[in-house]
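Student: Here's my sequence, what's the structure:
(one chain, ligands or ions: 1)
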Amino acid sequence: MKFATRLIHGSHAIDPATGALSIPVYQTSTFAQQSVDHFGKYDYARSGNPTREALEEAIADLEGGSRAFAFGSGMAAISSTLMLFAPGDHLVVCEDVYGGAFRVMTKLFSQWGLNVTFVDATSREAIEAAIRPETKAIYLETPSNPLLKVTNLREAVEIARNHGLLTLVDNTFMTPYLQRPLELGCDIVMHSGTKFLNGHSDVVCGFAVVKDEHLAHRLGFIQNAFGAILGPQDCWLTLRGLKTLKVRMEESQRSAVKVAEFLAGHPQVKQVYYPGLSTHPGHDVHNRQADGPGAVLSFELKSFDLTKRLLEGIELAAFAVSLGGVESILSYPARMSHAAMSPADRAERGISDTLVRLSVGLEDPDDLISDFAGIIG
Ligand SMILES: *Cc1c(COP(=O)(O)O)cnc(C)c1O
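Tutor: Numbering: from 1, shown residues only. Take a look at the predicted model:
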């Protein structure tokens, strides 16, 4: 079955107990057992809950994995995944990684002895040069946040395999509708499901997805032991949001292309970062590993004054943290997603004070463009 059909008719579609077309919210913390010798499939809801299981099976199927694990946030998914590593281990991480991932690596996991080196992951040589004897994994986002830099995933997998490393990919911007890293040989896919997967700006959730049985076993152990699980109500909302993933992504992406072209031709715009533009340095690599450019783009305006006027004056896009909702969201990386980085770290990564990130929602793109034009001219 094709992707759109699987979104609607996957294993998560019908409640096996009742035939309900919507998996019920199993709002329970525990499950009564019949026998002292043999417990049923569910015993305690941290270890397993039917609503969460339906969502996890849906995500695993869409990513081409064997198991998915749902967590209370994207950061909980990322942090739980990082628990696969041990003190003394080292990771090679793409330099413009999500600010929260940067923070947890440099402020928390560093205290436990996990070391990271940030590299420009668009360069094969830079990735290879950062590998040490104690390196255990390459951690990537492609397209990255907020500069939409593209890493060649097939090449990264080749490097990783040559050195016996795992390849981890945060696939939040693309979703499995547009990019499936496990099919390209990557080992672990992570998501902030808060964004496009749920898509309605009403749930915070996260996922880790794997194909390999041994990794699935280890992540399942961490999910239960560390316990940063997603509650059943949020699982249900995410299951509902997920059903429209294809139509939302298609529509938002089509509008994003229009908005990107408008901005790219605008005299007050210094630069547009969007893999859908043929001028983007990662355009070709992206097209070889993904099925579309997605609905997030960043751009730099010519002055800080104009940047401020746009952020405060825009009407049809919320000026907010986050992305991937039905409503367009304009955000300001320097003070939002990447506020956890020092000004020096931001400058080094090209995250300037005139950089704006736009997540295109489901409004009519002509209205969005008029709104922009009303402010930037
Ligand atoms: C939002 C985001 C995260 C963090 O997810 P939360 O659900 O906010 O914890 C991680 N990675 C990327 C790329 C994100 O956009």
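Student: List the buried residues in stretch 229-242.
Tutor: Buried residues in stretch 229-242, counted by 16 or more other C-beta atoms under 10 Å: 229-232, 234-242. Yep, even glycine has a C-beta here, placed from its N, CA and C like the rest.
Student: Contacts only, for the spatially most central residue of the chain.
Tutor: Residue closest to the average C-alpha location in the chain (C-alpha atoms, centre = their mean): Thr172, at 1.6 Å. Residues counted as contacts of Thr172 (C-beta atoms under 8 Å, 6 or more residues apart in numbering) are 74, 98, 141, 145, 190-192, 195-196, 324.
Student: Tell me which entries of those residues lie within strands.
Tutor: 141, 190-192 (DSSP state E).
Student: Identify the residues contacting Thr244.
Tutor: 7, 199.
Student: and it, how far is that from Ser35?
Tutor: Separation of Thr244 from Ser35 (C-beta to C-beta, to the nearest Å): 42 Å.
Student: out of the contacts of Thr172, who's near the ligand?
Tutor: Among the contacts of Thr172, the ones lying near the ligand by C-beta under 6 Å from any ligand atom are 74, 98, 141, 145, 192, 195.
Student: Please name the spatially closest residue to the second one (chain neighbours excluded).
Tutor: Right, the one you point to is Tyr98. For Tyr98, ignoring the flanking residues on the chain, the nearest one in space by C-beta to C-beta, 6 or more residues apart in numbering is Asn145 at 5.2 Å.
Student: what's the neighbour count on the one you found?
Tutor: Using other C-beta atoms under 10 Å, Asn145 has 25 neighbouring residues.
Student: Dihedrals phi and psi, it?
Tutor: Asn145 adopts backbone torsions of phi -120, psi 120, taken as degrees, to the nearest 10.
Student: Could you do the one 4 residues further on as well?
Tutor: With angles defined as degrees, to the nearest 10, Lys149 sits at phi -80, psi 150.
Student: next structured bit after the helix or strand containing Glu53?
Tutor: Assigned by DSSP states H and E, Glu53 belongs to helix 50-63. Using DSSP H and E, the helix or strand that follows helix 50-63 in sequence is strand 67-71.
Student: Tell me which residues are up against that next one.
Tutor: So strand 67-71 is contacted by 52, 55-60, 77, 80, 193, 205-210, 216, 219-220, 223, 228-230, 235, 238 (C-beta under 8 Å, 6+ apart).
Student: Would you mind listing which of the residues you listed are buried?
Tutor: In terms of neighbour count (16+ other C-beta under 10 Å), the buried residues within the contacts of strand 67-71 are 52, 55-56, 58-60, 77, 80, 193, 205-210, 216, 219-220, 223, 228-230, 235, 238.
Student: ok, which of those also contact the ligand?
Tutor: Within the set of the buried ones among the contacts of strand 67-71, contact with the ligand (C-beta under 6 Å from any ligand atom) is found for Gly206.
Student: out of the buried ones among the contacts of strand 67-71, which are inside helices?
Tutor: Among the buried ones among the contacts of strand 67-71, the ones falling in helices (DSSP state H) are 52, 55-56, 58-60, 77, 80, 216, 219-220, 223, 235, 238.
Student: ok, those vs Leu182, which is closest?
Tutor: Taking C-beta to C-beta as the measure, Leu182 lies nearest Ala60 of those, at 9.5 Å.
Student: Could I get the contacting residues of that closest one?
Tutor: Residues near Ala60 by C-beta under 8 Å, 6+ apart: 66-68, 209.
Student: the helices in the chain, which residues?
Tutor: Per DSSP H, the chain carries helices over the ranges 3-9, 50-63, 74-82, 99-103, 124-130, 153-162, 175-178, 213-226, 232-242, 245-264, 283-289, 304-313, 343-348, 365-376.
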